Each structure stands twice: as structure tokens, then as C-alpha cells.
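K.L.:
Provided below are the primary sequence and the corresponding predicted coordinates.
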Amino acid sequence: MGYWLWTYFKGLKNFDSDAQTEQFDLPKKGIISNITLEIQATAGSANTALNLADAISKVEIIGNGSTVIQSLTGHQIQASQAIDDGQMPGDKELSPSGTCFAYFDIRFGRYPGDQKYALDLSRWESVQVKITYALAAGGTIDTTGFTASSGKLAMYGLYSPDGAGLTPAGYIKKEQKYTRTSVASAEWPLLLPTDYPFRRILLRDGLQGGWPYRGFQYVTITINNGARKPIDNMLGNDLLVFDQNIHRNPIYVHWKRNYFASGHNDYYPPIHWMQGASTGVIVGGQTVFITGLDPNWMRVTTNGATSAEIVTRGFVPHGCMSIDLERQSGKDGVEAMMDAWGFDQEAAIELKWTEQEASHTLSIVLEQYATK
């Protein structure tokens, strides 16, 4: 058996600006299980609707200057991580004017320390990490973004410098394959690549306060023009039930300290399909209570300006639903697709969905076992 060392690839450093791409080289040899990005920034003066994941537009792992090993947004990384673990990342979001910490675990295996799937750096002449961010750009609901020049980054993970005793079968490739803005009553087909067997498909509806199943009203997976349909016209809310059953019905929990002005305040947590929420005063001594609770947003009322802790519990991290072949079959790699879908690499696989409402920001992420 091999071993892993907990390694700093990049110690804490300041971001060079507030909106650009930071780029780092990984070692020339050895095997990496995962890379954890710790990102810090100071919250703006009124960004109760903004989390650090909103400010990370893309994280890419690139081999030999052009080969995509992974390419995901901050939301997608954290959603995949949450689905793996059955819990949200341990972020610390403090608004306004507090120091926020967010964690993005980029995994090349099924879990940190996986010895079957990991990234063998010797396969590449070079491997780079690229992080694209916009800290001060603000969010979409009455926000001011994060404080200029406050961004910091540390990068670490599990690494075997010589790879002794480790012979991974490959790594898990994760990439956003498609994104679009929904159109009411539209039906949209997407032909999926079959260069590698699938592990998981993420269907993300990024509309704040939106119902995920209204972006993906009906979902179908078709193989070879209908010879097999692993998922046939499944309602989006039924897909949620399937997803939760496969993942043993986890309840994701998110915590944030928020500043609320006197009166009604609408709050949009990163967990959709909420099952409950609670609140408590931190400073200010004002009365804080929830006067409206929708599965995707809530209304908080105070009798004076105050800071309050909001804890939300629900089923859909960052608006991501999943179709998980690994947990559906109990196997991994080619065997998972063979058992769940009757897969072969000559197959034509089409994902098709119907959009119930307009103006939802939809994205499709494909996780695959890259074994050659």
C-alpha cells in the first residue's frame, strides 16, 4: 500500500487583484489525491446574498497546456464535494465586513486518500492550476461583493512525492460540458461524450430562490436512439427523490452570519429545497424571526438592524441534482456504467430535458473515470 503526505502546494498568499486568473504549477512527479483551496476575503458592507463560492467563476486543472483534467465553477466543486461527503463544506461566511473562509476540494479520486483513482503527475510534462475569480463584482441580489484587495489563497492536499506503492487505475475527470439560460417550455438535447465511462452527471439550476425542477422539468437519458432509456421522462422533483435515495437521504446544513436591516429581509441560502431553518441573534440585541419559509428562500424580519446567525437544512447543494451511476450500481469505472446503463464506448448517449420556466441559469457537469 502507498502513503499520502499532507502537503502545502502554495502557502497563504494575497490575490494579485480582485478579478483575474491566478495560475500555479504542480510538481513534475508524484501522485495527488486531492487539492484543497482555502480562499479568504473580507465581506462587503451589505452582501448578505453573496458567498465566496459565487466569486469563483472557474477552477481548471490543465495538463500539458491544453488537456482539461478538471474544469468547474466554485458552486460545482462544492456541490460535488457535498454529494461525496453527505455534508456541506465547512465554510465560514460572515457578512458584512467579516473575514470569510471557503473551501473547495478538487478530488481526483472518489474521496481524499483513494488509492484506486488519483492523478499521476508523471503522465504529463506539466500540470497547472488556474483559478478565475471576481471578488468585488458583487452578486445578483442587492450586494456589493467582497472588499477590494482582501483576497487570499492557500493550496494544499494529499500528495505522494514518489508514488511508492501507488498504482492508480486513472483519475476522475470533471468538466462543465454545457451551460445555457432556460426558455419556458423548451426541450433541449445534449449528446454526451463517451471517451470515458461516467461516474456522475450534475444538473445545476443556478437561479437564486428558484426551484431546480423548473429548470429541469423532465429528464431523459437515451442510449443508441432509444434502444435503452436508463431515465425516461423523469419529472425533476422525482429526480430529486431518486437522487436523495441513492445518496442515503443526506440533509445538507449551511451556516452564515448575516447583517439584517430593520423590517423584511429576503435571504437566499446556497441549499435549495430547504427542509427547515433556524435563526438566533449574534449582536445588536434585536428580535429576529422567520416570517416566510419557501423551500428555496426565506424572509427574515427584525425590529432593528442586527447581525443574526442563519442555519439552513435541505437537500440540493448549490442547486445541483445528480444522476450517480457509482452509487446506483455499487461499482465504479466501466463496471458502474455496464451495470446501470449497459454502456459501451461505441454507444450514442443523449441527455434531454424540458425547461418549465425561463431565465434559469442551467449547467451540466460530467464526471468520468479517465482510465487511459
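P.N.:
Sure, I can see it. Predicted model, so just to flag it, every value in this text is computed and none were measured.
K.L.:
in stretch 110-123, what's buried?
P.N.:
Neighbour-count burial for stretch 110-123 flags Arg110, Pro112, Asp114, Gln115, Tyr117, Ala118, Leu119, Asp120, Leu121 (criterion: 16 or more other Cβ atoms under 10 Å). Where C-beta positions appear, they are placed from N, C-alpha and C, glycine not excepted.
K.L.:
got it, and stretch 322-329?
P.N.:
By neighbour count on 16+ other Cβ under 10 Å, the buried set for stretch 322-329 is Ser322, Ile323, Asp324, Leu325, Glu326, Arg327, Gln328.
K.L.:
Stretch 90-107 now?
P.N.:
In stretch 90-107, counting by 16+ other Cβ under 10 Å, buried: 91, 93-96, 100-107.
K.L.:
Now it: average pLDDT?
P.N.:
What stretch 90-107 shows for mean pLDDT is 90.
K.L.:
First-to-last residue distance for it?
P.N.:
From its first residue to its last, stretch 90-107 covers 16 Å (Cα to Cα, to the nearest Å).
K.L.:
Just give me how far that stretch sits from the chain centre.
P.N.:
14 Å (Cα atoms, centre = their mean, to the nearest Å).
K.L.:
again with stretch 310-323
P.N.:
Counting by Cα atoms, centre = their mean, stretch 310-323 is centred 10 Å from the centre of its parent chain.
K.L.:
Could you tell me the end-to-end distance of that stretch?
P.N.:
First-to-last residue span, stretch 310-323, Cα to Cα: 30 Å.
K.L.:
same deal with stretch 225-244?
P.N.:
Terminal-residue distance, stretch 225-244 (Cα to Cα): 28 Å.
K.L.:
in that stretch, what's buried?
P.N.:
Within stretch 225-244, the residues that count as buried by 16+ other Cβ under 10 Å are Pro230, Ile231, Met234, Gly236, Leu239, Leu240, Phe242, Asp243, Gln244.
K.L.:
and that stretch, average pLDDT?
P.N.:
For stretch 225-244, the mean pLDDT works out to 86.
K.L.:
Nearest residue to Leu351 in space, please, no chain neighbours.
P.N.:
If the residues on either side of it in the chain are set aside, Leu351 comes closest to Leu190, at 4.8 Å by Cβ to Cβ, 6 or more residues apart in numbering.
K.L.:
Could you count how many residues lie near that neighbour?
P.N.:
By other Cβ atoms under 10 Å, the residues close to Leu190 number 14.
K.L.:
Regarding it, which helix or strand does it belong to?
P.N.:
Leu190 is located in strand 186-192, with elements delineated by DSSP states H and E.
K.L.:
Tell me which helix or strand comes right after that strand.
P.N.:
Following strand 186-192 in sequence order, the next helix or strand is strand 198-205 (DSSP H and E).
K.L.:
now that next one against strand 186-192, angle please.
P.N.:
Put simply, strand 198-205 runs at 150 degrees to strand 186-192, going by axes from the mean of the first three to the mean of the last three Cα atoms, to 10 degrees.
K.L.:
Convert the C-alpha atoms of the following helix or strand past strand 198-205 to PDB, please.
P.N.:
Sequence-wise, the next helix or strand downstream of strand 198-205 (DSSP H and E) is helix 212-215. C-alpha atoms of helix 212-215 as PDB (Å, rounded to 0.1, in the frame of the first residue of the first chain):
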ATOM      1  CA  PRO A 212     -34.400  23.200  -9.500                       C
ATOM      2  CA  TYR A 213     -37.100  21.100 -11.100                       C
ATOM      3  CA  ARG A 214     -38.500  24.100 -13.000                       C
ATOM      4  CA  GLY A 215     -35.200  24.300 -14.900                       C
END
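K.L.:
Adjacent strands (with direction) for the helix or strand that comes right after helix 212-215?
P.N.:
Scanning forward in sequence from helix 212-215 by DSSP H and E, the next helix or strand is strand 218-223. Using DSSP bridges, the strands paired with strand 218-223 are strand 228-235 (antiparallel), strand 349-355 (antiparallel).
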